[in-house]
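Undergrad: fold the stuff below for me.
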Amino acid sequence: MRISTNYWLLTALSLAVGLAGCNSAMQAYKTGVRQYEQGEYDLALKSFQKAADGKGVTDQGRLNYYMAESYRLSNRFQQAAPFYQKALDAGTIDAEGRMYYAYALKAGGRYAESLDQLNQYVQSKPTNKVNAEKAQRELNTLRAIDILSKKQNTIQIKNVAALNSPGSEYAPVVRGDELIFTASRKEKIYKNNGLPMTGLYKSKIGQTPDETGNNAQLLSSNVFAADANEGTAAFSKDGKTMIFARGNNGKRKGGQDVDLFISRFGEGGWSEARRIGISDSTAWDGCPAFSADGRTLYFASNRAGGVGGIDIYRTNMDASGRFSRPVNMGRDINTPGDDMFPYVGPDSRLYFASDGHPGLGKLDLFVATRSQGVITVENMGQPYNSPMDDFGLFMTEEGKGYFASNREGGKGDDDIYAFDATTPTDTPIAENPPAGAPKIVRYFLAGFVGDKNADQAPLDSAKVSIIDESTSQPIGSGVTQKPGTFGKYPLQEGKEYTILVERPGYLTKREPFTMQGRSIPQIFLTKAETDTTYNAIILLDKVELNKTFVLENIYYDLDKFNIRPDAAEELDKLVTILKDNPTLKIELSSHTDVRSSDAYNDRLSQNRAQSAVDYIVSKGIEADRMVAKGYGERQLVVKNAKTEEEHQRNRRTEFKILGY
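TA: Residues are numbered from 1 along each chain as shown. Down below sits the predicted model:
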């Protein structure tokens, strides 16, 4: 039987169309990956969807994982869940992805499934310590979710419908008779989430929530940047100083370009905004809020040195508008998760949003209370909180005000809600469980001392002292027993301690131990009295002549040898070692990589070693206990280094024991 020429033509045409479709899908996938890596998650999702609709992408699991991560990183957790599931079924989800999948399930109120995923994540023994602690906290929360769900409040909550839109409205704050808020209403689209960029707007406050929001206007053209996100305004007590956040213009990957700005109100309205000095150019800084007297500014930041994620900081402002060095609010407030949107209420308590404290959803609203030096953080319960994001609370008076949420039933992305706890509601409310007397927790510290270089062999006869940092006095001391164990010593909530361990033949060591953030929330306590013991592992280095120790994170600017602040912080640790070991004599050496001449590297390394010695001498250590030695490129750790990471390992600073 002969096949007609038309058949072959049709077959060839079909193959060509199929190949074109495959190529088109693969090209869309590659475009999506590039957009994803640039932080353009909404554009990436469009490309990934085009790839998913076509044929030619063989790694469907990876495609779905990219889609899940794009939804998560643009704060659309619920939409991420089905794509995480597909990636999991394909076996292409990594350990961290499983944790994010658990959060996506929680955002959808699927608590049991979220608990199962988190259990698997924790059992995988993750190497990321911050995420491991965050996951463990979340496990405890999910196990007590029924208790959290029972906390109800007899308040009325109403969507400010005339103000809200299909876009995003949040961060409400009152100035005079106006509601100032953040909204996605600019012409330029933000590539991260596909919404218009945000700006600051104002609306007259009506007698009821239904009358608020009509004819909203731009706050001021002087604090308007068409190509950047702006929002989260805070006003001083007299209403004439405004701090707000500006950034996310897409010029820097990861959104780390958000800074705090200041504007002042005068005869001509709001002045041109200027960046304030406490902003960290390498970090995300936002969510400012003034204390009642206007002297303290609270804000949120993910700058280096925090507890994890986004932390809340405070800084003082003097009469001339200068700010003091920001101080982290500590582990009682901040968690390994995100802690943000601080606000000081009329009752002088700190309100904030967090996904690290025990909560019903992603961000929940919390209130912190200080009593006799101990900070207690309490979830505000339903209906303030939901399985979704609830944040940005502001009170017009005690028991009344506004907050933002992207809960189901709203008009769009984030909506502003009005709440009133002063008027009885007709809605039946479940009763809160009786509070009863506060449950008591006693905290203790115990631990183990071992030899760092002998498979952690236990060390007996080591003297252990627990020092209270607030008084610099020991709260207890003892000697390790045969298995190398010590303790138990009583601890107090919120305090900082140092574990000092001394043993002949070993370098004396100090190990910090904090009780900040370690307090067990009352909601997790089932007994009237509970004893909890924390265990610390201290590993000592044996003193041996010519033994070398690498000092981590001692970095210098290119071709320079001055001590940078980050290097000084590390050298201070060596100062402590020398003070705790007064007979120790060392050689402090500096090494370079191979990317300059031998003679140049010798001079540079010698200068760097000497500058480190000079710094240590300035801290009170005798100069005759140290020798500065520059080795240039003669003692490479990684020979034939190619990557920047390998070159960095060669550019190291070490100290070697010369005498003891």
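
Undergrad: quick check, residue 376 in contact with residue 369.
TA: Yes - Residue 376 is in contact with residue 369 according to CB atoms under 8 Å; the separation is 5.1 Å. Just so you know, the C-beta spots here come from the backbone N, C-alpha and C atoms, and that holds for glycine as well.

Undergrad: quick one, what contacts residue 617?
TA: Taking CB atoms under 8 Å, 6 or more residues apart in numbering, we find residue 617 in contact with 623, 626.

Undergrad: then residue 384?
TA: Residue 384 sits in contact with 153, 155, 157, 365, 390, 393, 403, 419, where contact means CB under 8 Å, 6+ apart.

Undergrad: which ones among those residues are found in strands?
TA: 157, 365, 390, 393, 403, 419 (DSSP state E).

Undergrad: quick check: residue 532 is in a strand.
TA: Yes - per DSSP: H, G, I helix; E, B strand; the rest coil, residue 532 lies within a strand segment.

Undergrad: ok, and the closest non-adjacent residue to it?
TA: Distance criterion CB to CB, 6 or more residues apart in numbering; nearest residue to residue 532, sequence neighbours excluded, is residue 443 at 5.5 Å.

Undergrad: what sits against that neighbour?
TA: Taking CB under 8 Å, 6+ apart, one finds 490-493, 515, 518, 532-534 in contact with residue 443.

Undergrad: for the protein, which segments count as helices?
TA: For the chain, applying DSSP state H gives helices covering 5-37, 41-53, 60-73, 77-89, 95-107, 111-123, 129-143, 145-149, 565-580, 598-618, 644-650.

Undergrad: which of the ones you listed sits most buried?
TA: helix 95-107 (a mean of 24; mean count of other CB atoms under 10 Å).

Undergrad: what's the average pLDDT for that one?
TA: Mean pLDDT, helix 95-107: 90.

Undergrad: any idea how this structure splits into domains?
TA: 19-149, 156-420, 440-540, 548-659 (automatic domain parsing).

Undergrad: so where's the stretch 251-400 of the chain shaky on pLDDT?
TA: Residue ranges of the stretch 251-400 of the chain with pLDDT under 70: 251-256.

Undergrad: all strands for it, in order.
TA: 259-266, 269-270, 274-275, 285-290, 296-301, 311-316, 327-328, 339-344, 350-354, 364-371, 374-379, 390-397, 400-405 (DSSP state E, counting those that start in this stretch).

Undergrad: packing partners for the fourth one?
TA: In this case it means strand 285-290. strand 229-235, strand 241-247, strand 259-266, strand 296-301, strand 339-344 (3 or more CB pairs under 8 Å, 6 or more residues apart in numbering; DSSP states H and E).

Undergrad: distance to residue 288 and mean neighbour count for these - can I get that in CSV?
TA: As requested, those are exported to CSV (distance: least, CB to CB, whole Å; neighbours: other CB atoms under 10 Å):
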stretch, distance to residue 288, mean neighbour count
strand 229-235, 4, 25
strand 241-247, 4, 24
strand 259-266, 6, 18
strand 296-301, 5, 24
strand 339-344, 8, 25
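
Undergrad: nearest residue to residue 344 in space, please, no chain neighbours.
TA: Closest to residue 344 by CB to CB, 6+ apart is residue 291, at 5.0 Å.

Undergrad: list the contacts for the one you found?
TA: 297-298, 344.

Undergrad: rerun at 10 Å
TA: Residue 291 is in contact with 237, 297-298, 314, 316-317, 342, 344, 348, 350, counting by CB atoms under 10 Å, 6 or more residues apart in numbering.

Undergrad: with residue 301 instead?
TA: Neighbouring residues of residue 301 by CB under 10 Å, 6+ apart: 258, 260, 278-280, 283-287, 310-313, 326, 328, 340.

Undergrad: go ahead and flag the most central residue of this structure.
TA: Nearest residue to the geometric centre of the chain (CA atoms, centre = their mean): residue 309, 0.6 Å.

Undergrad: residue 150 is in contact with residue 360, isn't it?
TA: No - contact criterion CB atoms under 10 Å: residue 150 and residue 360 do not qualify, at 11.0 Å.

Undergrad: which residues are common contacts for the two?
TA: In contact with both residue 150 and residue 360: 381-382, using CB under 10 Å, 6+ apart.

Undergrad: more neighbours, those two?
TA: Neighbour totals were compared for residue 150 and residue 360, and residue 360 leads with 23 against 14 (other CB atoms under 10 Å).

Undergrad: distance-wise, check the closest residue to residue 176 other than its chain neighbours relative to residue 270.
TA: Leaving out its chain neighbours, the residue that sits closest to residue 176 by CB to CB, 6+ apart is residue 239, at 6.4 Å. According to CB to CB, to the nearest Å, residue 239 and residue 270 sit 11 Å apart.

Undergrad: more crowded one of the two?
TA: Legend: neighbour count by other CB under 10 Å for residue 239 and residue 270, higher for residue 270 (18 against 13).

Undergrad: residues contacting the more buried one?
TA: Counting by CB under 10 Å, 6+ apart, the residues that residue 270 touches are 200, 219-224, 240, 242, 263-264.

Undergrad: what of residue 646?
TA: Residue 646 neighbours (CB under 10 Å, 6+ apart): 593, 636-640.

Undergrad: using pLDDT, spot the least trustworthy of those.
TA: residue 637 (79).

Undergrad: now that residue, what are its backbone angles?
TA: phi -80, psi -40 (degrees, to the nearest 10).

Undergrad: grab the nearest non-local neighbour of it.
TA: residue 649 (5.1 Å).

Undergrad: distance of the residue nearest to residue 532 from residue 477?
TA: Taken as CB to CB, the span from residue 443 to residue 477 is 18 Å.

Undergrad: roughly how far apart are the residue nearest to residue 344 and residue 318?
TA: 14 Å.

Undergrad: residue 566 now?
TA: 28 Å.

Undergrad: if anything else comes up later, I'll come back, but that's it for now.
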